[in-house]
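**Student:** What shape does this take:
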Amino acid sequence: MKNYSILLLLALIFVSANSCKKEKTICGQLDMLVLTRINYLDEDGKDLLFGDYPPYPAEDLKIYQILPNGQKLEVYFSINRDEKFIAVNIDREETGTFYIELKPDLIDKITFRNEADKSMPCSALMLKELKHNDIAGQYDEKTQVWILTK
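**Tutor:** Take a look at the predicted model:
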């Protein structure tokens, strides 16, 4: 019985010592979307989505992807009137495409490129490039909004 108690005590010490080792970060598949803030301005800096009489009211926008079978898939977005942007949830892919319908006869093709943020343990994706109709958008560091110019 004495030997059994000593073995049990040694086993507990061994387990305790092993649990004190440096913990590793375990990264699973993160299926989070990348939130993107977007606004449209004209060449003079006038807001095209917000304001008194915007030509493309934010509440009238339609945003969607086109699936390989040609079917439209609605993309969720929200409107922030106070800070003047639409927040679009885009796929957590390296590259992708979606469409913003400003009016039924005016549709912008939006392409994006994400990059892994190596400074984070699980390499979260960060939006690095956003284009509308192959024209690069400008990222405003202060407001953290992508500006698309019409």
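
**Student:** From here on, just use CA atoms for contacts and neighbour counts.
**Tutor:** OK.

**Student:** mind checking the longest strand of the protein?
**Tutor:** When the chain is parsed with DSSP state E, its longest strand is strand 106-116.

**Student:** after that one, next one along is what?
**Tutor:** strand 125-132 (DSSP states H and E).

**Student:** State the next helix or strand along the chain beyond that following strand.
**Tutor:** The helix or strand immediately downstream of strand 125-132 is strand 135-136, counting by DSSP H and E.

**Student:** Tell me the strands beside that next one, with direction?
**Tutor:** strand 125-132 (antiparallel) (DSSP bridges).

**Student:** Do you have the helices of the chain handy? List them.
**Tutor:** 2-19 (DSSP state H).

**Student:** Quick one: low-confidence residue ranges for it.
**Tutor:** The chain contains residues with pLDDT under 70 at 1-33, 120-123.

**Student:** Roughly how far does the nearest residue to His132 once chain neighbours are set aside sit from Ala87?
**Tutor:** Among residues not flanking His132 along the chain, Ile110 sits closest, at 4.5 Å (Cα to Cα, 6 or more residues apart in numbering). Per Cα to Cα, to the nearest Å, Ile110 is found 14 Å from Ala87.

**Student:** of these two, who's got more company?
**Tutor:** Taking neighbours as other Cα atoms under 10 Å, Ile110 and Ala87 compare with Ile110 leading, 21 against 18.

**Student:** Now do the contacts for that one.
**Tutor:** Applying Cα atoms under 8 Å, 6 or more residues apart in numbering to Ile110 gives the contacts 97-100, 130-134.

**Student:** strand partners of the longest strand of the chain, parallel vs antiparallel please.
**Tutor:** Under the criterion DSSP bridges, strand 106-116 sits next to strand 95-103 (antiparallel), strand 125-132 (antiparallel) in its sheet.

**Student:** Look up which residues are beta-bridged to the residue nearest to the spatial centre of the chain.
**Tutor:** Centrality entry for the chain: nearest residue to the mean C-alpha point is Val34, 1.1 Å, by Cα atoms, centre = their mean. Bridge pairing for Val34 (DSSP bridges) gives the partners Ile90.

**Student:** my guess is it contacts Asn89, does it?
**Tutor:** Yes - counting by Cα atoms under 8 Å, Val34 touches Asn89, with 5.6 Å between them.
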